[in-house]
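# Here you go, sequence then predicted model.
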Amino acid sequence: MKKNVYERAMCRIDTIFKEFDNIYISFSGGKDSSVMLNLCIQYLRETGLKRKIGVFHMDYEIQYNETLRYIDHIFNTNPDIIEVYRVCVPFKVSTCTSMYQMFWRPWDEECKKLWVREIPSGSYTKKDFPFYNEEMWDYDFYTLFAQWYHRLKKADKTCCLVGIRTQESLHRWRTIHSNNRYNMYHYKKWTRQIKENIYNAYVIYDWLTTDIWTANCRFKWEYNRLYDLYYQAGVPLEMQRVASPFISTARESLSLYRAIDPDMWGKMICRVNGVNFTALYGHTSLVAKQKIILPRGHTWESYMHYLLSTLPESTRLNYLQKLSVSINFWRNKGGCLSEKTIEELQALKIKIEVSDYSNYKTNKRPVKMEYQDNIEITDFKELPTFKRMCICILKNDHLCKYMGFTMTKKEIENRARIMDFYVNIYGKLQKPSL
């Protein structure tokens, strides 16, 4: 008999609780992680299992007051089942609001006078984590917390339940449907190994947004009432998200703080550079959200250099370094393009060098070419153009994700150094005293 998404999720949760002795949930206060927590609570109540699950919440300091009220309420309920780990740590968090700042730090002690609120009672701070250092990004903390929690509980196997759904983005779809079966737990595609004996599980990956709200209604689960305010403000159902307010995906909704939570808005505009500007213009061509217009008398290359000239030196050098890497990549190695794109480039008489073999697992072929000013074809986002670089600058996309960049070699080395730092510190703490 075919099962619905609720029944499949409960089967996955049953598997997790039978296979893992240590389980915790990554909880943001959003609709997906809330449903996931409610599913686990329901499972424990129905089965009568006498065990607790950890609830891991990274508190980013700035959030809607409605979300904060909901999180506080959840943490104060079901004390016999949940064990709360509310983390208030000044790790680096990327921001798209400023040309001066690539990141900001929640709970930065140097900015304590500007904090939008005090650290909640009972929270875990940087002194609780021997692996913390100032070079750490928030996504590094996720992985290191999992290892810390695994050791804290002296667990055999640890599982973190993560509330992502493939409907949300292509990146999340790829997370689930990648072909690397060796990173899965017993070849279950909704699991991924993080470290030895530590896994993530995505038990609601196949749910739709409508499934989330159907479950809330049918089981009368409590949810974050911020979503009611979103609805009243006319925010489409698929766009209603709880996230750090300064990341690129939250740019368009940043202005809603003024209407929904004016008290928080009044504090946050002083906390992070460029917040008010982004709220005003985050949905316009000024930050390349709509169709970007080339100023009269400029080429895209000259416009790029003009934009760079307006930036602080450190920011300008960051973009130039990314550009240099990209130029060398396309000139010496080549990017993988589809046959259709190759044919379109050839039809435009753009000089390209096409190879037959790629080291990547793809049906596309590697193409070497020089940077172009602009190319108006279907796969514009796949091609090396100065227009794409202009869009990165206007978006305050310091990492140049729009250009297809991931972490650089230096960034990977920094991350490895952080991991080594953690391992060394933890090893010293474990040594018995003489």
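Okay, I see it.

# alpha carbons only for contacts and neighbour counts from here, please
OK.

# how about the strand or helix carrying residue 15: buried residues?
In the assignment (DSSP states H and E), residue 15 maps to helix 5-19. Residues of helix 5-19 classed as buried by neighbour count (16 or more other Cα atoms under 10 Å): 5, 6, 8, 9, 10, 12, 13, 16, 17.

# who does that helix touch, helix- and strand-wise?
Identification of packing neighbours for helix 5-19 by 3 or more Cα pairs under 8 Å, 6 or more residues apart in numbering; DSSP states H and E yields helix 31-47.

# which is the next helix or strand following the helix it packs on?
Taking DSSP H and E, what comes next after helix 31-47 is strand 53-58.

# Adjacent strands (with direction) for that next one?
strand 22-26 (parallel), strand 82-87 (parallel) (DSSP bridges).

# Make a markdown table out of the ones you listed and add distance to residue 301, mean neighbour count and mean pLDDT.
Converted to a markdown table, those look like this (distance: least, Cα to Cα, whole Å; neighbours: other Cα atoms under 10 Å; pLDDT from 0 to 100):
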| stretch | distance to residue 301 | mean neighbour count | mean pLDDT |
| --- | --- | --- | --- |
| strand 22-26 | 44 | 23 | 97 |
| strand 82-87 | 44 | 20 | 96 |
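
# Residue 228: which of those strands is closest?
strand 22-26 (22.9 Å; Cα to Cα).

# What angle do helix 31-47 and that closest one make with each other?
150 degrees (axes from the mean of the first three to the mean of the last three Cα atoms, to 10 degrees).

# Report the helix or strand with the lowest average pLDDT across the protein.
Between all helices and strands in the chain, the lowest mean by mean pLDDT, DSSP states H and E belongs to helix 409-430, at a mean of 54.

# returning to that earlier point: now the helix holding residue 15 - C-alpha only, CSV.
Taking C-alpha atoms only, helix 5-19 is exported to CSV below (Å, rounded to 0.1, in the frame of the first residue of the first chain):
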residue,chain,number,x,y,z
VAL,A,5,4.6,11.7,3.2
TYR,A,6,3.5,11.7,6.9
GLU,A,7,3.6,7.9,7.1
ARG,A,8,7.0,7.8,5.3
ALA,A,9,8.4,10.4,7.7
MET,A,10,7.3,8.4,10.7
CYS,A,11,8.9,5.3,9.3
ARG,A,12,12.2,7.2,8.9
ILE,A,13,12.0,8.5,12.4
ASP,A,14,11.3,5.0,13.7
THR,A,15,14.5,3.9,11.9
ILE,A,16,16.5,6.7,13.4
PHE,A,17,15.4,6.0,16.9
LYS,A,18,16.1,2.3,16.6
GLU,A,19,19.5,2.7,14.9
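
# Could you check the angle it makes with helix 31-47?
60 degrees.

# Name the SS class of the residue nearest in space to the middle of the chain, please.
Centroid-nearest residue in the chain, with Cα atoms, centre = their mean: residue 139, separated by 7.4 Å. Following DSSP: H, G, I helix; E, B strand; the rest coil, we place residue 139 in the helix state.

# change the start of the numbering to 9 and stick with it
Taking 9 as the first residue, the last one we looked at is residue 147.

# Next, the contact list for it, please.
Contact partners of residue 147, counting by Cα atoms under 8 Å, 6 or more residues apart in numbering, are absent.

# For residue 154, see how far away it is.
Per Cα to Cα, to the nearest Å, residue 147 is found 12 Å from residue 154.

# repeat for residue 138
Applying Cα to Cα to residue 138 and residue 154 gives a distance of 13 Å.

# Neighbour count: the two, which is higher?
residue 154 (21 against 15; other Cα atoms under 10 Å).

# Helix or strand: which one has that one?
helix 146-160.

# Tell me the helix or strand right after that helix.
strand 166-169.

# Other residues contacting stretch 194-208?
By Cα under 8 Å, 6+ apart, stretch 194-208 touches 151, 154-155, 158, 164-170, 184-185, 189, 191-193, 209-211, 213.

# Which of those residues are buried, as a ChimeraX select command?
Typed into ChimeraX, the line below selects the buried ones among the contacts of stretch 194-208, using 16+ other Cα under 10 Å:
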select :154,155,158,165,166,167,168,169,170,184,191,192,193,209,210,211,213
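
# one step back: and the furthest pair within the buried residues of helix 13-27?
13 and 25 (18.4 Å).
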